[in-house]
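A.B. asks: for reference, the sequence and a predicted model appear below.
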Amino acid sequence: MARDRRPLHVRLRAAFFLAATGVGAACGARTGLEVDLAGSPSASPDATDAEVEPAVGCTPGRFDLSRAVPAVMFVLDRSTSMSRRTSDGRSRWSVLTRALEATLPPVDTTMEIGALVFPTSGRSSCTAPSAPDLLPGPGNVASLVSLVRANGPSGSTPTAPALDAAATALLGTRAASRARALVLATDGAPACNADLAGTTCRCISGSCASRPQRCLDDARTVERIGAHLAQGIPTYVVGIQDADNALMSDVLDAMAVAGGRPKTTGARRYYAAASEAELELAIVTIRDQVSACTYLTSSVPSADGTIVVTLDGVSVPYDPSGASGWRWGDRGNGEILLAGDACGAAAAEDGSALVADVSCDPADASVDASADDDDDASVDASADDDAASDT
């Protein structure tokens, strides 16, 4: 690691700026540069992400910790099939609206919520918005519900471009990489890919020979979801449909697995919701998972440095397996993930009792000492000159 050769007073000024403006964070016992990258695509963000989230440097000292604020983009399918009835007798779109209204208010001030509704307009529309209808921000639940109520089922299902637009906006949101996510709520198969061959594709309905946009666009959609995960944005998939639709269930399973946040219980990997109660349960589960026990540190130890994080004065052990204690998420962004008892204890304390003690490369100390010696020598020499002058 390159040594910071800036003058001592410059580095101290930079350290003060970091301490004053950085978000508090992290937790754990002693560690150097070891990074746990297993299952963490966000640990190596792409160039776009890097521009939004500059690397966190090392500043020695003690820092209070705070929980990362999650940023979630709801990508909502309003295609014509969303007018079909669920087991409750309500339209799928109505059930989705009521579920969002019932489940999101508890996180209105603690989660940045955004939304993109697709397609744009028209019964045969295959166009996805190029930008979100609602950019992520706190206090957006009422705006989200109003947005959904102002729309209605219409058009086709351009899922891949809709997810692309939502992910692009989310990458521009300042948040911990591990606390950003897309939530796709859809009832239909992804379509609207004019590049597919209508004579050989799997046709969703009718004939695709002259209308390739009716072809099942599952391969492209799964690929795009995987690309977003590689940029640090996972996708939760909620399927609002009949449970006996095996074809669509398999497609939604593949999308959920590609998104990196599949359901871990039951036969299906996506969150199946055939009724309002099931949809509410799915959204609550997702809501509570996003950013759970993710913290940020404004100082990351250098190669030979250390970080010791304590909760109520008790050290939290470092566990790269993720089973307990803490581990790195996106280390360059100063993200540390708590697990097991540490997660529950930190949540109970609301993060107020988490403290990180960070030391940097000991080489810095020698540089500092040298700088201090040089400064002292110049002061002494100046004093001698003054004394000689006075004599």
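C.D. replies: Arrived safely.
A.B. asks: only C-alpha atoms from now on, for both contacts and neighbour counts.
C.D. replies: Noted.
A.B. asks: direction included, what does the helix or strand encompassing Pro136 pair up with?
C.D. replies: Pro136 belongs to strand 134-137 when elements are defined using DSSP states H and E. According to DSSP bridges, strand 134-137 forms sheet pairs with strand 112-118 (antiparallel).
A.B. asks: how far off centre is the partner strand?
C.D. replies: 14 Å (C-alpha atoms, centre = their mean, to the nearest Å).
A.B. asks: got a list of contacts for it?
C.D. replies: Identification of contacts with strand 112-118 by C-alpha atoms under 8 Å, 6 or more residues apart in numbering yields 69-79, 127-129, 131-141, 144, 148, 157-159, 162, 166.
A.B. asks: show me how the protein divides into domains.
C.D. replies: What automatic domain parsing lists as the domains of the chain is 27-68+293-360, 71-289.
A.B. asks: quick one: mean pLDDT for the first one?
C.D. replies: For domain 27-68+293-360, the mean per-residue pLDDT is 72.
A.B. asks: Ala71: what's it in contact with?
C.D. replies: The contact partners of Ala71, taken as C-alpha under 8 Å, 6+ apart, are Met111, Glu112, Ile113, Gly114, Pro136, Gly137, Leu170, Thr173, Ala175, Ala179, Arg180, Ala181.
A.B. asks: any chance of those in a markdown table, plus neighbour count and pLDDT?
C.D. replies: Rendered in a markdown table, the data for the contacts of Ala71 read as follows (neighbours: other C-alpha atoms under 10 Å; pLDDT from 0 to 100):
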| residue | neighbour count | pLDDT |
| --- | --- | --- |
| Met111 | 25 | 93 |
| Glu112 | 22 | 93 |
| Ile113 | 24 | 96 |
| Gly114 | 25 | 97 |
| Pro136 | 23 | 95 |
| Gly137 | 19 | 94 |
| Leu170 | 24 | 93 |
| Thr173 | 20 | 80 |
| Ala175 | 20 | 72 |
| Ala179 | 24 | 83 |
| Arg180 | 25 | 90 |
| Ala181 | 28 | 94 |
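A.B. asks: need those in JSON lines with distance to Ala102, can you?
C.D. replies: Shown next, in JSON lines, are the contacts of Ala71 (distance: C-alpha to C-alpha, whole Å):
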{"residue": "Met111", "distance to Ala102": "15"}
{"residue": "Glu112", "distance to Ala102": "17"}
{"residue": "Ile113", "distance to Ala102": "15"}
{"residue": "Gly114", "distance to Ala102": "17"}
{"residue": "Pro136", "distance to Ala102": "19"}
{"residue": "Gly137", "distance to Ala102": "19"}
{"residue": "Leu170", "distance to Ala102": "24"}
{"residue": "Thr173", "distance to Ala102": "25"}
{"residue": "Ala175", "distance to Ala102": "25"}
{"residue": "Ala179", "distance to Ala102": "22"}
{"residue": "Arg180", "distance to Ala102": "22"}
{"residue": "Ala181", "distance to Ala102": "20"}
